[in-house]
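1. next input, structure requested:
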Amino acid sequence: MHAIECRDIQVEFYGRQGKQRVLDELSLDVPRGHIVSLLGPSGCGKSTLLRVVAGLAPCQKGTVLIEGESLDRARGKLAFVFQEAALLPWRTVWQNVRLPFEIQSGNLIGDVKASIEHCLQLVGFQPSDWHKKPSQLSGGMKMRASIARALITDPEILLLDEPFAALDDMLRSRLNDLLLRIVADSQRTMLFVTHNISEAVYLSHSIAIMSRGRIAELVPVPFPFPRTAELRSTPLFASFYGQVSEALNRSER
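-> Numbering: from 1, shown residues only. Next up, the predicted model:
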């Protein structure tokens, strides 16, 4: 069974120029425990597809199954990480990470303290940082807090919409490694939107290249897991980067 199954997804929006088809009978399978990146130019439908999978945007046609179930039944298996960290500025890191528990249950049930501490430690927060407000955090720390908040309900699937786009290359690389550790330790499935070819190659089991609302090409990534930072400087990585770049160019012809 696939973790995510999208079949013939069609999404249309109405704007100044009339009806625009954003997703055009798109189909995609994401195997359980795999990382699949959505790669393509702005406006090709990457973020829209992610929101459809999350149940945050409707589709006019098609179906989405999560672990074989409808979105309504499987919503608790998903967590979404946005481009912006979207932390509540008046709450501490701890309180922001605790928020999904409050939304789901209305009160705190069980030993959530241990769960919060585990997630904060997993993303690299020291206890001295737990009670800081978002205004006291760097961009990378804000995104770490956002990831911890996504993990707190122990989702089976992570959906990430260009979470590192605003970060410098060095910090992006560190957070890529963090995601790989999280997936390796938990066998979670991840659907990841990015514009960055290097990031897509380094993270993914396969790359879905999108163009004009469809999957133009699904490219398996040949490098074994676990992956280390040294991979990025190898000739094989550079060669495969070139192949993905060529596939992107083909998709736009």
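2. distance between the host helix or strand of residue 100 and the chain's centre?
-> Per DSSP states H and E, residue 100 falls inside helix 93-105. Remark: helix 93-105 is offset 20 Å from the chain centroid, using CA atoms, centre = their mean, to the nearest Å.
3. one more: stretch 16-33?
-> Stretch 16-33 sits 16 Å away from the centroid of its parent chain (CA atoms, centre = their mean).
4. check which helices and strands the helix holding residue 100 is in contact with.
-> The helices and strands touching helix 93-105, judged by 3 or more CB pairs under 8 Å, 6 or more residues apart in numbering; DSSP states H and E, are helix 112-122, helix 139-151. Every residue, glycine included, has its C-beta placed from N, CA and C.
5. can you give me the angle that helix makes with helix 139-151?
-> 30 degrees (axes from the mean of the first three to the mean of the last three CA atoms, to 10 degrees).
6. could you shift the numbering so residue one becomes 50, and keep it that way?
-> Will do, 50 is the new start, and the previous item becomes helix 142-154.
7. which parts of helix 142-154 are buried?
-> Going by neighbour count (16 or more other CB atoms under 10 Å), the buried part of helix 142-154 is 142-147, 149-150.
8. following element in sequence after the helix or strand containing residue 58, please.
-> Assigned by DSSP H and E, residue 58 belongs to strand 51-64. As assigned by DSSP H and E, the chain's next helix or strand after strand 51-64 is strand 67-80.
9. pull the residues that contact that following strand.
-> For strand 67-80, the surrounding residues in contact (CB atoms under 8 Å, 6 or more residues apart in numbering) are 51-63, 85, 94, 97-98, 101, 108, 110-111, 238, 240, 254, 257, 261-264, 267.
10. the following helix or strand past that strand - which strands sit beside it in the sheet, and in what orientation?
-> Per DSSP H and E, the first helix or strand lying C-terminal to strand 67-80 is strand 84-88. Sheet pairing of strand 84-88 (DSSP bridges) gives strand 238-243 (parallel), strand 255-260 (parallel).
11. three-state assignment of the residue nearest in space to the middle of the chain?
-> The centroid of the chain falls nearest to residue 209 when counting by CA atoms, centre = their mean (1.8 Å). Under DSSP: H, G, I helix; E, B strand; the rest coil, the three-state class of residue 209 is strand.
12. if I read this right, it contacts residue 240, doesn't it?
-> Yes: Residue 209 lies in contact with residue 240 (CB atoms under 8 Å); the separation is 7.4 Å.
13. count of residues packed around the residue lying closest to residue 271 once chain neighbours are set aside?
-> In this structure, residue 271 finds its nearest non-sequential neighbour in residue 289, 6.7 Å apart by CB to CB, 6 or more residues apart in numbering. Neighbourhood size, residue 289 [other CB atoms under 10 Å]: 18.
14. if I've got this straight, residue 289 is in a strand?
-> No: looking at residue 289 with three-state DSSP, it is helix, so not inside a strand.
15. now it: how far from residue 120?
-> Taking CB to CB, to the nearest Å as the measure, residue 289 falls 34 Å from residue 120.
16. same question, residue 87
-> Taken as CB to CB, the span from residue 87 to residue 120 is 18 Å.
17. that older thread, possible to save the helices and strands packed on helix 142-154 as TSV with mean neighbour count and mean pLDDT?
-> Listed next are the helices and strands packed on helix 142-154 as TSV, based on neighbours: other CB atoms under 10 Å; pLDDT from 0 to 100:
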stretch	mean neighbour count	mean pLDDT
helix 161-171	16	88
helix 188-200	23	92
